[in-house]
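>>> Using only what follows, build the 3D model:
(one chain, ligands or ions: 1)
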Amino acid sequence: MDFRGQDILSTDQFDKATLRNLFEEATRMEDVLKKGHSDLLKGKVLATLFFEPSTRTRFSFETAMLRLGGRVISNADMLKTSSSKKQETLFDTGKVVSQMADAIAMRHPEAGSVAKFAEGSDVPVLNAGDGAGSHPTQGLLDLYTIWKEKGTLDGLTIGIIGDLKYGRVPHSQCGFLKHFDVNFVFVSPEALKMPRKIVDDLMSQGRSIIEVDSLADHIGEMDVISMTRIQEERFESKSEYKKYAGSYVLDKNLMNKAKEDSIIIHPLPRVDEISTEVDEDPRAKYFEQVKNGVALRMALLSLVLS
Ligand code: NCD
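Numbering: from 1, shown residues only. Now for the predicted structure:
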């Protein structure tokens, strides 16, 4: 696994051995986090350029860089306040910012845009989410959380629930999970099913998949209950979104049907798909997941930059 100087744009860059090594590196980074700090990336600068709203992902990249002794330059509102407002192309913005930073984490509302930006950049670019395309670092931290909690990924039944059409996180989860012996239960409204290409890719790896619309009927089979938000901003109209808003609500009642040793993950933010009464359930791991994300991104940054 040699990620030095590489962009991190797609799940395709990772195989099973690479994922295992990365998780082991993230475990070592948790020790650094316990101590508080290291000097591994002292003198390096990370730029975080967000053309779309974010709480966790941007802070997580920035915290990871700071905990490794590096520094951060940041713009959380690129669409409104950067030269993209003056029609600068993504290629040019990439070229320009890369003259000042050692690596760039970037998010944008259009699928494929981060790759365009990376073509211009002279330094590694990390995809922090491109539209309804993918969100590889979130997928990585989700798998890391499962691996930590269950000790393995092989042999698990993983339910992915919600907006599987527009959700970039489910797309990236599948892009990584395809390397493991996982049974998939995809739960979504008919109109928001997982893109065919992703299902076909998993099938070609010999994975077992069922696609259903009822969570209640299938929650009892799941070792991992991976919830996601209906992606309001990707719908053509508010009325179209409203047809699907509130499709799934994970509450105490539903959790009574779930396995005792199952875990619940969610990339967050949640709208209403996990009731707050579930937060105290020991199976709820979505806030710990945020912490795991810092360690995972520390591992990734150290591999790319050191
Ligand atoms: C996700 C995203 O932005 O894709 N959030 C995150 O990065 N933690 C999920 C979402 O917005 O639904």
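>>> Can you tell me what sits against stretch 139-151?
Stretch 139-151 has contacts (Cβ atoms under 8 Å, 6 or more residues apart in numbering) with 11, 14, 19, 22-23, 26-27, 153, 156, 158, 169, 171-173, 175-177, 223-224, 226, 263, 265, 267, 285, 288-289, 292-293, 295-297, 300. All C-beta atoms are positioned from the backbone trio N, CA, C, and that covers glycine.
>>> Let me see the ranges of the helices in the stretch 151-300 of the chain.
Taking DSSP state H, counting those that start in this stretch as the test, the helices found in the stretch 151-300 of the chain are 168-177, 196-204, 238-244, 252-255, 286-305.
>>> Buried members of the contacts of stretch 139-151 into ChimeraX, please.
To isolate the buried ones among the contacts of stretch 139-151 in ChimeraX, judged by 16 or more other Cβ atoms under 10 Å, type:
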select :11,14,19,22,23,26,27,153,156,158,169,171,172,173,175,176,177,223,224,226,263,265,267,285,289,292,293,295,296,297,300
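>>> got the domain boundaries for this structure?
The record, using automatic domain parsing to delimit domains, assigns the chain the ranges 11-134+290-305, 136-285.
>>> and the shortest one, how far out from the chain's middle?
Domain 11-134+290-305 has its C-alpha centroid displaced from the chain centroid by 12 Å (Cα atoms, centre = their mean, to the nearest Å).
>>> What parts of the stretch 1-150 of the chain come near the ligand?
The interface of the stretch 1-150 of the chain toward the ligand, taken as Cβ under 6 Å from any ligand atom, is made up of Arg56, Thr57, Gly129, His135, Gln138.
>>> Any chance of JSON lines for the residues you listed, columns neighbour count and secondary structure?
Output for these, formatted as JSON lines (neighbours: other Cβ atoms under 10 Å; DSSP: H, G, I helix; E, B strand; the rest coil):
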{"residue": "Arg56", "neighbour count": "17", "secondary structure": "helix"}
{"residue": "Thr57", "neighbour count": "24", "secondary structure": "helix"}
{"residue": "Gly129", "neighbour count": "27", "secondary structure": "strand"}
{"residue": "His135", "neighbour count": "26", "secondary structure": "coil"}
{"residue": "Gln138", "neighbour count": "24", "secondary structure": "helix"}
